[in-house]
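>>> here you go, sequence then predicted model.
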Amino acid sequence: MWGESSAVFTHEPPHEETGVLELGIGIGGTKSVAKRQYHEGAFKIIRPHYLDDSGQVYYTIANPGGGYVGGDVYRMEVEVEPDASVLLTDQSAAKVYRTPDDYVVQNVEFTLHGNAVMEYIPDQLILYREADFRQQITVNMDAESQLFMSDIVTPGWSPDGRQFLYEQAHLRNVVRVDGKLAVVDNVRIEPTKELFNDVKESFLGQHTHFATAICIDPNMTPELLEKVRDAVRNSLEGKGTASASVTETEVPGFVLRGVADWTEDLMRIIKAAANVVRAETRGQGPIDLRQY
C-alpha cells in the first residue's frame, strides 16, 4: 500500500484531460475570495456564495457533461492561502457510467498554507454497471491548517435490480503535514471479483454504500474527539442499520468510516462530525450545502 505506484491513477499512454479545475483562495478585504481561477472542459465552477458571516467562501463544482465515461481524465488543484477559508462541494452526484474498455481517473491536489481552512464535502459518487473509477487526493498542508474532506461511494441501479456490478472503486487519500507523511487511506473495492464475495460481509457488513471522512486539525484534543464520536453516535440512533467509527490519527485529527444502505445516512454522519469541528474550532454554524 505504501509503495503503490502512481501509475494506477494515470493512463498509459497519457490521455487528454477531460476536465481541469484550478482554484487559488486568498483574503480580499474581510472575506475569502478566488485569487486565481481556471477551468477547462467538463469542469465548471459556479459563482461564489457566502453562507455565514465568517468570510468563508463557498464554491460549487459542476460537470456539464452529466457524468464520467471510460478514458476520462479529471484534474483538480486547490490552493488556500493563510487566513483564507473555503467550503467546496459539487452540484450533484458524480455518475460513472460503463467503462468496458478503459477506466476513469481523477487526481485532486489540495495545498493549505498557514492557518488556512479547507472543507471538501462532495455529493456521492455513483458507479454503474462495469464502471471502473480511480481517484487519488493528495493534500500538502502546514501544521496550522485545518482540513476536512469526505467521499461517499454508492452502487448504481442495474436493469435486473442487482447491486455491486461496478468493476472497481479505488480511492486513495494521501495527507502530508509540514512535508511529512501523516495519513494514507487506500480503499479498493472490486465487487465482481470472486474474492470479494468471501470478504464482503466483513468488509462492508452486508451494506452497499460506504463513506470516508478525514479531518486533520491542530485544534483537535481528546475532548473534542470525544464530542465528534458522540455526534456520530447520535446521528446513528434510530436511523436504520448504518454504522460508523472514528479513529484518531497520529497527527491531531481523525478518520471517519461509515457503511450504510442509503446515501442520506452517510451524509448525515459526515455532517455531524464536520459540524462539531467547525463549531468548536471556528464558531461556525452547521453546514448547509445549498447546491445552486
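All right, it came through fine. Only a predicted model underlies this, so the values are computations on that prediction, with no experimental measurement involved.
>>> ok, residue 282 - contacts?
Residue 282 makes contacts with 54, 85, 117, 146, as judged by CB atoms under 8 Å, 6 or more residues apart in numbering. All C-beta spots, glycine's among them, are computed from the backbone N, C-alpha and C.
>>> give the burial count for the third one, as a bare number.
Burial of residue 117 is recorded as 24 neighbouring residues (other CB atoms under 10 Å).
>>> is it bridged to anything, and to what?
With DSSP bridges as the criterion, residue 117 is bridged to residue 85, residue 146.
>>> from residue 184, how far out is it?
Counting by CB to CB, to the nearest Å, the separation of residue 117 from residue 184 is 23 Å.
>>> check the second one too.
Residue 85 sits 26 Å away from residue 184 when distances are taken as CB to CB.
>>> and those two? Which one has more around it.
A count of neighbours by other CB under 10 Å puts residue 85 above the other of residue 85 and residue 184, at 23 against 13.
>>> for the longest helix along the chain, buried residues please.
When the chain is parsed with DSSP state H, its longest helix is helix 263-282. Buried positions in helix 263-282, judged by neighbour count with 16 or more other CB atoms under 10 Å: 263, 265-278, 280-281.
>>> over to stretch 154-167?
Residues of stretch 154-167 classed as buried by neighbour count (16+ other CB under 10 Å): 154, 155, 156, 164, 165, 166, 167.
>>> so what strands line up beside the helix or strand where residue 175 lies?
Residue 175 is part of strand 168-177, with elements assigned from DSSP states H and E. Partners of strand 168-177 in the sheet, by DSSP bridges, are strand 132-141 (parallel), strand 180-189 (antiparallel).
>>> now mean pLDDT too, for those, in CSV please.
Output for these, formatted as CSV (pLDDT from 0 to 100):
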stretch, mean pLDDT
strand 132-141, 97
strand 180-189, 95
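>>> between those, which one is closest to residue 17.
strand 132-141 (14.6 Å; CB to CB).
>>> how about the CA coordinates for that closest one, as PDB?
Only the C-alpha atoms of strand 132-141 are listed here, as PDB (Å, rounded to 0.1, in the frame of the first residue of the first chain):
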ATOM      1  CA  ASP A 132     -14.000   1.500 -13.100                       C
ATOM      2  CA  PHE A 133     -13.200   4.700 -11.200                       C
ATOM      3  CA  ARG A 134      -9.700   5.600  -9.700                       C
ATOM      4  CA  GLN A 135      -9.100   8.700  -7.700                       C
ATOM      5  CA  GLN A 136      -6.200  10.000  -5.700                       C
ATOM      6  CA  ILE A 137      -6.400  13.000  -3.400                       C
ATOM      7  CA  THR A 138      -3.100  14.500  -2.300                       C
ATOM      8  CA  VAL A 139      -3.000  17.000   0.400                       C
ATOM      9  CA  ASN A 140       0.000  19.100   1.400                       C
ATOM     10  CA  MET A 141      -0.700  21.200   4.400                       C
END
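>>> who touches that strand?
If you take CB under 8 Å, 6+ apart as the criterion, strand 132-141 is touched by 6, 8-9, 68, 70, 96, 99, 102-112, 116, 118, 125, 127, 147, 149, 151, 166-177, 179, 216.
>>> buried among these? Make that a ChimeraX selection.
Those of the contacts of strand 132-141 that count as buried under 16+ other CB under 10 Å are selected in ChimeraX with:
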select :9,68,70,96,99,103,104,105,106,107,108,109,110,111,112,116,118,125,127,147,149,151,166,167,168,169,170,171,172,173,174,175,176,177,216
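>>> still on that earlier bit, could I get the contacts of residue 282 as a markdown table with distance to residue 30 and pLDDT?
Shown next, in a markdown table, are the contacts of residue 282 (distance: CB to CB, whole Å; pLDDT from 0 to 100):
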| residue | distance to residue 30 | pLDDT |
| --- | --- | --- |
| 54 | 10 | 97 |
| 85 | 12 | 99 |
| 117 | 15 | 99 |
| 146 | 19 | 99 |
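>>> backbone phi and psi for the closest residue to residue 91 other than its chain neighbours, please?
Excluding its sequence neighbours, the residue lying closest to residue 91 (CB to CB, 6 or more residues apart in numbering) is residue 62, at 4.3 Å. Dihedral pair for residue 62: phi -120, psi 150, per degrees, to the nearest 10.
>>> what residues are bridge-paired with residue 260?
Beta-bridge pairing for residue 260 (DSSP bridges): residue 209.
>>> check the gap between it and residue 154 for me.
Separation of residue 260 from residue 154 (CB to CB) stands at 9 Å.
>>> any common contacting residues for these two?
Both residue 260 and residue 154 are in contact with residue 209, where contact means CB under 8 Å, 6+ apart.
>>> about what we covered before: how far does the longest helix of the chain sit from its chain's centre?
Averaging C-alpha positions (CA atoms, centre = their mean, to the nearest Å) puts helix 263-282 13 Å from its chain's average.
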